[in-house]
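Enquirer: this one's sequence-less:
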């Protein structure tokens, strides 16, 4: 009987572990309203960064429209990391907010071979990068 208890104990443990680890956690899909809120918040935070004037940094600046939205978004997010290395304390919060808000809009499974790799976009100074990113986020609001 000890053997049966042990076997059932093992089976129970396996069942519990399967329940806990078996189903991959799906990232919850944001509702359109939530997406709008995050885009809006990001555009506002981005406006606070308009004054940044660092002419020695270059940013890969995507200008692909609609069909490459996810690739474009991922690229802007990647380039924000470049900005983070070089932004003053008072601006850091805005950069981090934008990252947090946009991170959830990214689609990690999106893949479109016709979309440009981030590094193949033109390098531009922050003012132009800022302008492109702002108009991109505005176009996503529509």
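Expert: Yep, that arrived. Given the structure is predicted, the values throughout are model-derived calculations rather than measurements.
Enquirer: after the helix-or-strand element of the chain with minimal mean pLDDT comes which helix or strand?
Expert: Considering only helices and strands, the least confidently modelled element of the chain by mean pLDDT, DSSP states H and E is helix 2-21, at a mean of 58. Under the assignment DSSP states H and E, the closest C-terminal helix or strand after helix 2-21 is helix 32-47.
Enquirer: Can you work out which other helices and strands pack against that following helix?
Expert: Helices and strands in packing contact with helix 32-47 are listed as helix 89-103, helix 126-141; criterion 3 or more Cβ pairs under 8 Å, 6 or more residues apart in numbering; DSSP states H and E. Where you see a C-beta, it was placed from the backbone N, CA and C, and this is true even at glycine.
Enquirer: Columns distance to residue 72 and mean pLDDT on top of these, output as a markdown table?
Expert: Output for the helices and strands packed on helix 32-47, formatted as a markdown table (distance: least, Cβ to Cβ, whole Å; pLDDT from 0 to 100):
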| stretch | distance to residue 72 | mean pLDDT |
| --- | --- | --- |
| helix 89-103 | 11 | 92 |
| helix 126-141 | 6 | 93 |
